[in-house]
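**Q** Structure of the sequence below:
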Amino acid sequence: MPQSVSRREAIAQALAVSAAAAAAPAWAARPADTAAAKAVLTRLFGPAGGRVALALGTAGPRPWYDAEARSGTLAVKGDSGVALARGAYAWMRQMGAAHVSWEGDRAALPAHWPDGKSGRVESPFAHRVYLNPCTYGYTTPWWDWPRWRREIDWMAVHGIDMPLALEGQEFVWRALWREEGLTEAELAGYFSGPAFTPWQRMGNIEGYRAPLPAAWIDKKRDLQRQILAAMHALGMSPILPAFGGYVPKAFALKHKDARIYKMPAGGGFHETYWLDPGDPLFPRLSARFLDLYTRTYGPGTYYLADSFNEMRPPVADDGPFSQDKGGGGNAGFGDGGASKAAAAAPIDPALKARRLAAYGQAIHAAFKKARPDAVWVMQGWLFGADPQFWDEAAIAAFFSQVPEGGVMVLDIGNDRYPDVWRRARAFAGKPWVFGYVHNYGASNPVYGDLGGYRRDVAAVLADPQAGRLSGFGLFPEGLDNNSIVYEEAYDLAWGAGGASLDAWLSGYARSRYGRTTPELDAALRQLVEAAYTTRYWTPRWWNGRAGACLFCKRPTATIVEFPGPPGDRAKLATAVGELARLAPAFAGEPLFVHDLVDFTGHLVSEEIDVRLQAAVAAYRRGDLAAGDRARRGVEDLAVALDGLLGAQPDTLSTWIDAARAYADDPVDARAYVLNAKAQVTVWGGDGGLSDYASKVWQGLYRDYYLPRWTRLLDALRAAGAGAFDEPAAERAIGAWEQDWIERDTAYVRQRPADPVSAARALLARLGQP
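**A** Below is the predicted model:
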């Protein structure tokens with residue numbers, strides 16, 4: 001049962017003191033202004049950026065900016081701080097004067113701007129949305145304020161006004177569950193480790209790699225206050241967390257008469273617990289969370305509550321819930337998101353519709369009761385991931401009792417599940433956002449669909465069936481790769497689809513590399529044809545194994561059946577070879593060097609996979625000599641590529657070092673490092689998620705993927721053409737993986753002295769120029 005009023009008041013007072021100590025947020029008393037945008041431009045481009053003249057204009061029916069250079073000065077008008085920053089950056093890029101990306105920046109602003117003007121540029125979307133709940137596990141768990149400050153600046157110049165802002169919520173959850181009587185020991189067993197908090201929040205796991213140190217919780221609280229202040233100063237409308245129904249097991253055991261479901265476990269993790277929105281506890285907990293959140297961070301408008309992320313809603317009966325009934329299901333967590341929840345018996349359609357309508361109505365009502373001005377936001381991923389359950393009738397029923405404007409749907413999965421919005425009839429007339437996940441697990445294969453995004457955006461904007469389309473977004477699970485995708489997508493979100501893709505690529509090269517040539521333009525076009533016509537990276541799930549490529553997957557003798565990656569490998573080889581040929585003329589441009597190494601790594605990884613398949617096939621037929629030759633090729637390429645990858649911003653050592661540096665004492669440092677190593681390798685559970693977050697990183701190629709495959713190849717070689725005991729080999733590999741995580745190895749980045757020469761030499765091994 002809930003705690004006494006005295007303890008509840010004591011906790012509330014502590015939160016109030018904590019909030020007062022942080023001072024009232026500056027954004028609460030003023031609208032977005034030019035000062036915040038000017039500060040962004042100064043940080044990114046130095047004093048010359050700060051000299052851009054900025055002026056706020058009147059808001060119109062669409063977000064807008066207007067840039068004009070006259071008499072040597074660049075002046076930008078816009079309807080928000082975001083629009084001002086976007087307008088200035090768009091003009092700089094158009095002039096080939098600047099580029100901002102995760103890999104680094106290029107700034108060569110002129111002392112005297114040539115005359116010119118953009119005219120009024122309007123976004124066809126009311127909102128440009130960004131980030132994914134999973135980003136907070138795969139990318140940001142070790143970010144400090146300078147890194148977040150940098151990301152918010154990146155958002156501003158790319159015209160993003162609605163980011164998911166999900167840091168710091170464990171501080172509020174901890175306060176809520178303390179009020180509900182959970183002990184410190186129960187809380188310690190509830191929160192998952194820092195690299196796995198997103199899936200804890202979404203109800204997929206509980207207490208995995210626990211405990212979550214109090215120092216991490218408090219540090220993230222302070223960070224979230226800084227994040228929200230910066231976002232609001234620019235006129236952004238961040239999406240904040242809310243209560244979706246998942247409760248700790250300890251809470252469920254204390255409320256055995258409540259309508260709480262024990263949701264079946266998935267992926268080898270133990271079960272989680274979900275509170276029915278119709279139970280009186282739901283609106284009380286929802287309201288209290290929002291109250292505590294507002295006391296800690298200030299008010300918001302948009303709140304994310306995903307009650308059924310890769311989980312089927314319980315709809316099997318009309319009676320009271322119990323902890324023993326079940327009736328819901330895991331719709332794919334830990335199996336690639338596949339819709340594999342098994343229904344024990346057919347569900348009556350009328351009952352299903354009735355239950356779903358009640359869920360939607362109750363979740364919305366809980367928001368409105370606590371905060372009449374709040375907008376419930378939910379991801380639409382579930383509708384594509386489990387179409388068997390979420391058919392048109394089910395989606396319509398779920399939204400049937402939610403009033404217009406009462407919910408905004410983020411249709412994030414159009415790369416993997418295109419046209420869900422059509423099947424859902426534009427989500428029953430509710431406001432919605434069209435977009436793509438693009439990145440899964442922060443894996444970094446080179447891919448995207450630049451032409452496809454252009455066609456999609458034009459089509460959805462022109463479609464009379466699009467209903468209340470309110471925004472466009474990218475929702476990557478991880479960052480720091482394929483910047484070209486994000487550059488183009490947010491250009492499209494600001495109406496840049498009129499220019500041809502070829503013209504856009506040429507401008508991209510001028511801004512990113514400082515100049516371009518006909519030869520470079522041609523090479524980039526061929527690169528796009530080879531790699532950037534891929535909407536979804538299908539190899540990331542193959543034969544029950546995750547991983548961006550075969551070399552990154554948990555070893556198996558079945559790889560000979562792998563059909564190959566998407567894209568055109570011959571064109572990719574030609575394009576990368578041509579970029580390598582041009583490289584000496586661009587060797588002084590860091591972003592060109594980065595991209596050459598990135599593309600080389602992708603091409604070489606595909607060649608490693610081919611040779612790996614050859615080695616396995618040869619050993620299986622008993623041809624040891626051929627197997628040994630192919631194996632030596634794998635080893636040589638993997639070691640050489642590992643050395644080249646030291647030129648990139650992210651490596652295994654930078655990931656581990658960031659985790660260790662986030663700690664305040666050796667105990668936490670050890671826990672953070674184990675979290676970091678587990679996430680990018682085994683992930684957790686029964687192995688179904690192993691290598692979901694695989695990376696083409698220095699350290700992983702030489703010290704994890706290669707020795708892991710060596711163990712399987714040794715076993716295959718020993719078996720020859722005879723019977724091969726793959727389960728025994730898998731058990732041995734699994735034990736080695738766990739030992740690797742526990743080992744206290746000091747990884748140090750090794751940078752190649754000359755990345756261009758190293759890339760060209762590596763390509764030469766593949767027969768490239």
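
**Q** Now the host helix or strand of Ser757: buried residues?
**A** Per DSSP states H and E, Ser757 falls inside helix 755-764. Within helix 755-764, the residues scored as buried using 16 or more other CB atoms under 10 Å are 755-756, 758-760, 762-763. C-beta: built from backbone N, CA, C; applies to glycine.

**Q** Adding distance to Thr183 and pLDDT, write those out as CSV.
**A** Shown next, in CSV, are those (distance: CB to CB, whole Å; pLDDT from 0 to 100):
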residue, distance to Thr183, pLDDT
Pro755, 54, 98
Val756, 59, 98
Ala758, 56, 97
Ala759, 56, 97
Arg760, 61, 97
Leu762, 56, 97
Leu763, 60, 96
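
**Q** Quick check: the farthest pair among those residues?
**A** Maximum pairwise distance among the buried residues of helix 755-764 (CB to CB): 12.3 Å, between Pro755 and Leu763.

**Q** Identify the residue nearest the geometric centre of the protein.
**A** With distances taken as CA atoms, centre = their mean, Glu477 lies nearest the centre of the chain, 1.6 Å away.

**Q** quick one: secondary structure of that one?
**A** coil (DSSP: H, G, I helix; E, B strand; the rest coil).

**Q** How about it: what's its closest non-neighbour residue?
**A** Ranked by CB to CB, 6 or more residues apart in numbering and with sequence neighbours excluded, the top spatial neighbour of Glu477 is Cys134, at 4.0 Å.

**Q** What is the neighbour count of the one you found?
**A** Cys134 has 22 neighbouring residues, counting by other CB atoms under 10 Å.

**Q** Verify the stated contact: Ala548 with Ser694.
**A** Yes: counting by CB atoms under 8 Å, Ser694 is a contact partner of Ala548 at 5.0 Å.

**Q** so where is the stretch 151-300 of the chain shaky, pLDDT-wise?
**A** Applying pLDDT under 70 to the stretch 151-300 of the chain flags the ranges 266.

**Q** Can you show me the strands along it?
**A** 162-163, 239-241, 246-247, 260-263, 272-275 (DSSP state E, counting those that start in this stretch).

**Q** Out of those, flag the one nearest Ala215.
**A** Nearest of these (CB to CB): strand 239-241, 20.6 Å.

**Q** Now do the closest one: distance to the chain's middle.
**A** Chain-centre distance of strand 239-241: 15 Å, with CA atoms, centre = their mean, to the nearest Å.

**Q** same for that strand, what does it pack against?
**A** Packing partners of strand 239-241 (3 or more CB pairs under 8 Å, 6 or more residues apart in numbering; DSSP states H and E): helix 281-297, strand 302-304.

**Q** Identify the residues contacting the longest one?
**A** If you take CB atoms under 8 Å, 6 or more residues apart in numbering as the criterion, helix 281-297 is touched by 12, 15-16, 18-19, 25, 168-169, 171-173, 175-176, 179-180, 221, 224-225, 228, 240-243, 245, 247, 255, 258, 275-277, 300, 303, 362, 365-367, 369-371, 374.

**Q** wait, Arg120 sits on Pro61?
**A** No: counting by CB under 8 Å, Arg120 sits too far from Pro61 to count as a contact (11.9 Å).

**Q** Who has more neighbours out of those two?
**A** Arg120 (14 against 7).

**Q** coming back round to it: mutual contacts of Ala548 and Ser694, please.
**A** Ser443.

**Q** SS state for the nearest residue to Val315 once chain neighbours are set aside?
**A** Nearest non-adjacent residue to Val315, counting by CB to CB, 6+ apart: Arg355, 4.2 Å away. Using three-state DSSP, the structure places Arg355 in helix.

**Q** and Arg355, how many neighbours?
**A** Arg355 has 24 nearby residues by other CB under 10 Å.

**Q** ok, it touching Pro313?
**A** Yes: counting by CB under 8 Å, Pro313 is a contact partner of Arg355 at 7.1 Å.

**Q** between those two, what contacts are shared?
**A** With CB under 8 Å, 6+ apart, Arg355 and Pro313 have no common neighbours.

**Q** From Pro349, how far off is the residue nearest to Val315?
**A** Using CB to CB, to the nearest Å, one gets 11 Å for the distance from Arg355 to Pro349.

**Q** hey, C-alpha coordinates of the helix or strand hosting Pro727 in PDB?
**A** Here Pro727 sits within helix 726-742, counting by DSSP H and E. The C-alpha coordinates for helix 726-742 follow below in PDB (Å, rounded to 0.1, in the frame of the first residue of the first chain):
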ATOM      1  CA  GLU A 726      27.800 -27.000 -33.500                       C
ATOM      2  CA  PRO A 727      26.000 -26.800 -30.100                       C
ATOM      3  CA  ALA A 728      29.200 -27.700 -28.300                       C
ATOM      4  CA  ALA A 729      31.100 -25.000 -30.300                       C
ATOM      5  CA  GLU A 730      28.400 -22.400 -29.500                       C
ATOM      6  CA  ARG A 731      28.600 -23.200 -25.800                       C
ATOM      7  CA  ALA A 732      32.400 -22.800 -25.900                       C
ATOM      8  CA  ILE A 733      32.000 -19.500 -27.700                       C
ATOM      9  CA  GLY A 734      29.400 -18.300 -25.200                       C
ATOM     10  CA  ALA A 735      31.800 -19.000 -22.300                       C
ATOM     11  CA  TRP A 736      34.600 -17.200 -24.200                       C
ATOM     12  CA  GLU A 737      32.300 -14.200 -24.700                       C
ATOM     13  CA  GLN A 738      31.500 -13.900 -21.000                       C
ATOM     14  CA  ASP A 739      35.100 -14.200 -20.100                       C
ATOM     15  CA  TRP A 740      36.000 -11.400 -22.600                       C
ATOM     16  CA  ILE A 741      33.500  -9.100 -21.000                       C
ATOM     17  CA  GLU A 742      34.900  -9.800 -17.500                       C
END
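
**Q** For that helix, give the mean pLDDT please.
**A** For helix 726-742, the mean per-residue pLDDT is 96.

**Q** quick one: it to chain centroid distance?
**A** Centroid displacement of helix 726-742 relative to its chain, using CA atoms, centre = their mean, is 28 Å.

**Q** list the buried ones in it?
**A** Residues of helix 726-742 classed as buried: 726, 729-730, 733, 737, 740-741 (neighbour count, 16+ other CB under 10 Å).

**Q** show me where the stretch 101-250 of the chain has helices.
**A** 135-138, 145-157, 169-179, 184-190, 197-201, 214-233, 249-254 (DSSP state H, counting those that start in this stretch).

**Q** ok, residues contacting the fourth one?
**A** With contact meaning CB under 8 Å, 6+ apart, helix 184-190 is reached by 174, 177-178, 182, 206-207, 210-212, 248-250.

**Q** rerun that using 10 Å as the cut-off
**A** 170, 173-174, 177-178, 182-183, 200, 206-207, 210-214, 217, 247-251, 253-254 (CB atoms under 10 Å, 6 or more residues apart in numbering).

**Q** Check the first one too.
**A** Taking contacts as CB under 10 Å, 6+ apart, the residues outside helix 135-138 that touch it are 132, 141, 143, 151, 163-167, 169, 192-201, 220, 439-443, 475-480, 675, 679-680, 692-693.

**Q** ok, now with 8 Å
**A** 164, 166-167, 195-199, 441-442, 476-479, 679, 693.

**Q** For it, list the C-alpha coordinates in CSV.
**A** Extracted as CSV, the C-alpha positions of helix 135-138 are listed here (Å, rounded to 0.1, in the frame of the first residue of the first chain):
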residue,chain,number,x,y,z
THR,A,135,19.3,6.3,-28.4
TYR,A,136,19.6,6.8,-24.7
GLY,A,137,21.1,3.4,-24.3
TYR,A,138,23.1,2.9,-27.5
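
**Q** tell me the mean pLDDT for it?
**A** According to the model, helix 135-138 has a mean pLDDT of 98.

**Q** Would you mark the buried spots in that helix?
**A** Result for helix 135-138 [16+ other CB under 10 Å]: buried residues 135-138.
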